[in-house]
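A.B. asks: Requesting a structural model of the entry that follows:
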Amino acid sequence: MTKPQKLVKSFSNVEIYTDGACRGNPGPGGWGASLRFNGHRKDLYGAEAETTNNRMELMAVIQGLNSLSRSCSVRIYTDSKYVLNGVTQWLSNWKKNGWKTAARKPVKNVQLWQQLDAALEKHQVDWKWVKGHSGDEGNECADALANQGIDEMLSEKS
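C.D. replies: Numbering: from 1, shown residues only. Next up is the predicted model:
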């Protein structure tokens, strides 16, 4: 009983709000992650020239988790049912089936799912779905970061 309590106490409680954006699908896309811990906030974002919204949703979570320097207890907020369902319902079967779907087809975005799977192993993660563009401050922040990534990438090209 004592060991699990010590383990839990050694974890940090972090909230990560994530979002992806794409202008055209495929098209220029961006991802954003806003990390909240103990009254502090760290914002991350990036972009790709030719991608899809689902890829950017995955990248936001991967980058958010990979930015943590130690194992943490993490609550991830996402507005992506693709990411949420992928992690909570499909991922374990994909792994058992050699990264094939129930229909025996290759999993789309498999490299990103594998990266996410590896990132999840380091942390204790709880998932929360939020409705996008509904006024949730953290989700709105992550959306703005994803769009900032696109804007900066496009302005660098012109």
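
A.B. asks: Helices along this structure, start to end?
C.D. replies: Assigned by DSSP state H, the chain shows helices spanning 2-10, 53-66, 81-85, 91-96, 110-121, 137-157.

A.B. asks: which of those is buried the deepest?
C.D. replies: helix 53-66 (a mean of 24; mean count of other CB atoms under 10 Å). No exception for glycine: its C-beta is placed from N, CA and C like everyone else's.

A.B. asks: which residues make contact with that one from outside it?
C.D. replies: With contacts defined as CB atoms under 8 Å, 6 or more residues apart in numbering, helix 53-66 is touched by 16, 18-22, 25, 29-33, 35, 44, 46, 48, 74, 76, 78, 80, 82-83, 108-109, 112-113, 115-116, 119-120, 122-123, 125, 142, 146.

A.B. asks: List buried residues within those.
C.D. replies: Among the contacts of helix 53-66, the ones that count as buried by 16 or more other CB atoms under 10 Å are 16, 18-22, 29-33, 35, 44, 46, 48, 74, 76, 78, 80, 82-83, 109, 112-113, 115-116, 119-120, 123, 125, 142, 146.

A.B. asks: which stretches of the chain have low pLDDT?
C.D. replies: Along the chain, the model assigns pLDDT under 70 to residues 1-11.

A.B. asks: let's see 80
C.D. replies: The chain contains residues with pLDDT under 80 at 1-12, 158.

A.B. asks: what residue lies at the spatial centre of it?
C.D. replies: Residue closest to the mean C-alpha point of the chain, counted by CA atoms, centre = their mean, is Val61 at 1.4 Å.

A.B. asks: Quick check: the gap between that one and Asn54.
C.D. replies: To Asn54, Val61 is 11 Å away according to CB to CB, to the nearest Å.
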